[in-house]
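Q: the sequence and its predicted three-dimensional model are supplied below.
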Amino acid sequence: EGGCIGDNSHLEKLKLEISEIFDPEQDGYRLEHVKEKFKAFCQGLARNRSINILDISMCPKSCTSMLVEILSPFIEHNSNLSHLIMESCNMNPETIRLLASALSNRQNKSSLRKVELIGCSIGGHEAGELIASLNDHCNLV
């Protein structure tokens with residue numbers, strides 16, 4: 001699964017809106033089924049090399065960490081990724097650490113030009129980890 005997105009060579013921007021997919025009010029079985037399908041989609045996404053803008057803004061608190069964890073291979077390996085947009089995401093310390101790790105492990109640190117975290121609550125020593133993970137990205141504006 002996820003082969004179509006992984007093999008696509010024309011898609012340049014991907015905006016994921018997941019607030020309703022991971023609604024905690026849904027029954028457990030359906031929620032787990034949707035999560036598994038989304039993980040399969042993200043495994044395919046990790047193989048994609050044409051997307052240069054990833055927008056996962058407005059992600060609800062209930063799934064931000066899981067989303068960043070699932071998307072980490074894409075963030076680390078997509079050499080064309082130039083913009084990562086996560087505006088108004090509810091970030092807890094675990095989410096910030098996961099994002100910092102994915103950014104630190106990027107294979108191509110020169111392609112990333114912009115990381116937008118407007119409206120995200122980022123604080124504590126995790127903020128320092130995140131800033132340190134961006135230090136090697138020489139083309140950030």
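A: Structure's in. What do you need? Numbers count the residues shown, from 1 in each chain.

Q: break down this protein into its strands, ranges please.
A: 13-15, 53-55, 83-85, 114-116 (DSSP state E).

Q: buried residues, the top helix by length along the chain. List them.
A: For the chain, the longest helix by residue count, based on DSSP state H, is helix 28-45. For helix 28-45, burial by neighbour count (16 or more other Cβ atoms under 10 Å) applies to 31, 34, 38, 41-45. C-beta here means a position set from N, CA and C on the backbone, and glycine is covered the same way.

Q: can you pull out the helices in this structure?
A: Applying DSSP H to the chain gives helices spanning 3-7, 28-45, 64-77, 93-104, 124-134.

Q: quick one, which of these is nearest to Arg113?
A: Nearest to Arg113 among the helices of the chain is helix 124-134 (11.5 Å), distances taken as Cβ to Cβ.

Q: what packs against the closest one?
A: Applying 3 or more Cβ pairs under 8 Å, 6 or more residues apart in numbering; DSSP states H and E, one finds that helix 124-134 contacts helix 93-104.

Q: give me the number of residues near the closest residue to Ile56 other than its chain neighbours?
A: The shortest distance from Ile56 to any non-neighbouring residue, by Cβ to Cβ, 6 or more residues apart in numbering, is to Leu16 (4.9 Å). Applying other Cβ atoms under 10 Å, we find 17 residues neighbouring Leu16.

Q: and Asp55, how far is that from Cys138?
A: 23 Å (Cβ to Cβ, to the nearest Å).

Q: so between those two, which is more surrounded?
A: Asp55 (16 against 8).

Q: now the more buried one: how far from Cys4?
A: 19 Å.
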